[in-house]
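**Student:** Sequence and predicted structure below; questions after.
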Amino acid sequence: MIPVEYYIILSAILFAIGVAGVLVRRNALIIFMSIELMLNSANLAIVAFSSVLKSFSGQVFVFFVIAVAAAEVAVGLALMVEIFKAKHSIDVDQMNSLKG
Amino acid sequence: MTGEQIVFLVVAFVTLFAGLMVVTTRNLVHAALWLVAALFGVAVTYVILHANFLAVVQVVVYIGAIAILFIFAVMLTRRDMRDQGPQMNKNWWFGAVLAVLTFGGLYFLLQGWEGMTKTATSYPVGFDAISELGNALVSPAGYVLPFEVASVLLVAALVGAVYVAFNPRNGNSGK
Amino acid sequence: MNLTSQDYQVLAPYILLTAWACVLLLVDLFIPKERKSVTALLAALGLAVTLGVTLSQVGIEQVGFFNMAALDGFSTFVNALLLVSGILGIALAHGYVKRMGIERGEYYTLLLFSVSGMMLMAQATDLIIVFIALELLSIPLYVLAAFARPQLSSEEAGMKYFLLGAFATGFVVYGTALVFGATGTTSLAGIVAAAASPSTSTLLLTIGAALVLVGFGFKVAAVPFHMWTPDVYQGAPTAVTAFMASGAKIAGFAALLRVFATAFPALAVDMTAVLWALAALTMIVGNVIAISQTDIKRMLAYSSIAHAGYILMAFVPYGNPAVRDVSIAAGLFYLVAYAFTNFGAWGVVIALEKKEEKGLAIADYAGLGRKHPLLAAAMTVFMLSLVGLPPTLGLVGKVYLFRAVIAGGFTGLAIIGVLTSLISAYYYLRVVVTMYMKEGEPETVRETWLSLTTALTAIVTVVFSLLPQSLFEWASTAVLKLF
């Protein structure tokens, strides 16, 4: 059997990779993919905890996280495609039409 | 080492490597494919944790819908699929340090958690996880409220996404 | 195992508003394009009816949906404030979207969805509901921020807000995961019960709570999680910014208060220091950067960051039962003051804004005092209120707030609050000086609803400051139902 420690460490590393991606990359799509990694790491932790605690509510929570992620993806990707159509770039560093 | 442990270690390694590739690769299509690999690794981990239904949902929704949408978006936003120019933003070192600190902090703090060595257990024989999940989702004592709110959320997101993607030049909103 | 009418009563305002929004979505299809004012009116009517239901619930305290949502003085107060914000948001938007050529029925539907998410956040007593309500309030706001598409600045604002919000969601979910791991439940009542048992890992709970705090820090734009807030506030359509600056903040703070005060009182020792630092940093950074701004939208964005710092002050003594209720009341009072002042100030900005983002520099306000004395007087009131000078609600709010913080034993924080308010006087009063002392020919638009909103908020800001006791007493009844 595998101690839950391993799952939690796996999820913590995955979370850190996601955070790094968001903070380091400039491409909006990659940033968004990194956010998905963060959500997945959280889901992994929840499922691991729920398995140790023999509590079913964790799995239900994961279910909702996935549903919400799907909703976010729909809106987020629509925005990105629209911006790309307008300026042919989705680098967040180049989004400087806002600097006052 | 049991077979399960070996499987876990291999899957964990693949998941982390794929995650790392997502945030480091230059090629956007590759990044999306690595994302699929990472999501699949998480799905396999769910199986090891006896959350079979979630593993299926992960494959169907996350890989089948979300990751595919990502690939669509990549195709729609890149001419040559290759990101030119610098990949990192100006403060990349700051972000990297912060992320390492995040992990270090999490790891250091979790070291002190006594529950760390407990092992995951499988559900008892005869436990029907899927019908339990189904009941939990729609029973009033369970999660019917979040379930309904999530459906409202999906409607709102749908309206929003359609509005954003709607092309004012072609259609004239029902006229 | 069945839901009773009591359960529905707890969430009656939320259910009503959501249903109204869904029906409005359909009704809007039959409203011709040039008559979208009807949609606006219907949306405002929905908010007003819901406000009526909410006010009829004053004094009721119960939980519903098997401990998933609560109705108490706190939620009633916050819901009423949110609904008023929604109505003011529609009043500001109505003429603005028409003028900017972005008038579409979805605007009002999305706004209703967002308000319903905010209300649910104030009532949620389960972290799953907190999470979904957070998304329900955020996703429509991302779209609203990008509503002026294909105008690039608005699309970019939507995208930045989206990325920031999704990032914050990641933290909230991970934090919730750890809290769940520590306690085995997501219900606030269950967390309190579990936290009391010695077998629960305080450590895991603390990290989880801290990550949830980080996520909400992004939502309410506290420093150091404020990076893109000015860009978003500047790029979004001004009417959306006005709504976002009040609504999202109120809901974020309401959920934060409820989650921390009900579920994590045991962590107060650690959290107080963190909150203290967050509040101090937010007040200092927000006010100092605001000084150098020349664009009124950016200046008000930094001002809203600074005000998040002031409101955060009310959280610092949350673990101290002796002053908790009075500091929550002070925080709520300050939120009311901030919401009205904020809507008024943005209303004036809307009155001067022209197409293609013209008329937004502070220099464009020169001569307003001579040409449009009423508008300038209203703006003066709002600026005074934001600084915290008499005779405005802002002053009373700050007095209550500082008093509560000092009573909680955090005199140092109150001193930082006073000093940063002095700094803020410089840039707020600069607007007043520009309006009255400089020559210029500002052009404004006249719209009935806009003028009404500005006048109403200005009157509220002044009049309630003269009789603040009744409002504060109401805020004092807004206590949280604890488990």
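**Tutor:** Thanks, I have it.
**Student:** Now do the SS call for B:His50.
**Tutor:** coil (DSSP: H, G, I helix; E, B strand; the rest coil).
**Student:** go on, C:Thr18?
**Tutor:** Assignment for C:Thr18 (three-state DSSP): helix.
**Student:** What residues does the closest residue to it other than its chain neighbours make contact with?
**Tutor:** Of all residues not flanking C:Thr18 in the chain, C:Ser116 sits nearest, at 4.9 Å (CB to CB, 6 or more residues apart in numbering or on different chains). C-beta here means a position set from N, CA and C on the backbone, and glycine is covered the same way. C:Ser116 makes contact with B:152, C:14, C:17-18, C:21, C:136 under the criterion CB atoms under 8 Å, 6 or more residues apart in numbering or on different chains.
**Student:** which strands and helices sit next to the helix or strand containing B:Ala96?
**Tutor:** Using DSSP states H and E, B:Ala96 sits within helix B:92-111. Contacts defined by 3 or more CB pairs under 8 Å, 6 or more residues apart in numbering or on different chains; DSSP states H and E place helix B:92-111 against helix A:4-24, helix C:202-219.
**Student:** tell me the contacts of the residue of chain A found nearest chain B?
**Tutor:** Nearest to chain B, among the residues of chain A, is A:Leu23, at 2.7 Å (CB to the nearest CB). Neighbouring residues of A:Leu23 by CB under 8 Å, 6+ apart: B:91-92, B:94-96, B:98-99.
**Student:** burial measure for the closest residue to chain A within chain B, as a count.
**Tutor:** Using CB to the nearest CB, B:Gly95 is the residue of chain B that sits closest to chain A, at 2.7 Å. For B:Gly95, the neighbour count with other CB atoms under 10 Å in any protein chain shown is 18.
**Student:** Quick check: closest non-adjacent residue to it.
**Tutor:** Counting by CB to CB, 6+ apart, the residue nearest B:Gly95 is A:Leu23, at 2.7 Å.
**Student:** give me the element the residue in chain B that chain C sits nearest to is part of.
**Tutor:** Taking CB to the nearest CB, chain C has its nearest neighbour within chain B at B:Gly160, 3.4 Å off. Using DSSP H and E, B:Gly160 sits within helix B:144-165.
**Student:** I'm curious whether that helix, anywhere along its length, sits up against chain A.
**Tutor:** Yes: against chain A, helix B:144-165 shows contacts by CB under 8 Å from any CB of the partner chain at B:146, B:150, B:153-154, B:156-158, B:160-161, B:164-165.
**Student:** residues of that helix that come out buried?
**Tutor:** B:144-150, B:152-157, B:159-161, B:163-165 (16 or more other CB atoms under 10 Å in any protein chain shown).
**Student:** which residues touch B:Tyr143?
**Tutor:** Listed by CB under 8 Å, 6+ apart, the contact partners of B:Tyr143 are A:57, A:60, A:64, B:136-137, C:128.
**Student:** To clarify, my last question referred to B:His30.
**Tutor:** B:Met21.
**Student:** Let me know the next secondary structure element after the helix or strand that contains it.
**Tutor:** B:His30 is located in helix B:28-48, with elements delineated by DSSP H and E. Per DSSP H and E, the first helix or strand lying C-terminal to helix B:28-48 is helix B:52-57.
**Student:** export that following helix as PDB, just CAs?
**Tutor:** Taking C-alpha atoms only, helix B:52-57 is exported to PDB below (Å, rounded to 0.1, in the frame of the first residue of the first chain):
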ATOM      1  CA  ASN B  52     -12.800   4.700 -10.700                       C
ATOM      2  CA  PHE B  53     -15.800   6.900 -11.600                       C
ATOM      3  CA  LEU B  54     -13.800  10.100 -11.200                       C
ATOM      4  CA  ALA B  55     -11.000   8.600 -13.400                       C
ATOM      5  CA  VAL B  56     -13.600   8.100 -16.100                       C
ATOM      6  CA  VAL B  57     -14.900  11.600 -15.600                       C
END
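**Student:** Which elements pack onto it?
**Tutor:** So helix B:52-57, by 3+ CB pairs under 8 Å, 6+ apart, packs with helix A:57-87, helix B:28-48, helix B:129-138.
**Student:** need these in CSV with mean pLDDT, can you?
**Tutor:** Output for the helices and strands packed on helix B:52-57, formatted as CSV (pLDDT from 0 to 100):
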stretch, mean pLDDT
helix A:57-87, 90
helix B:28-48, 93
helix B:129-138, 84
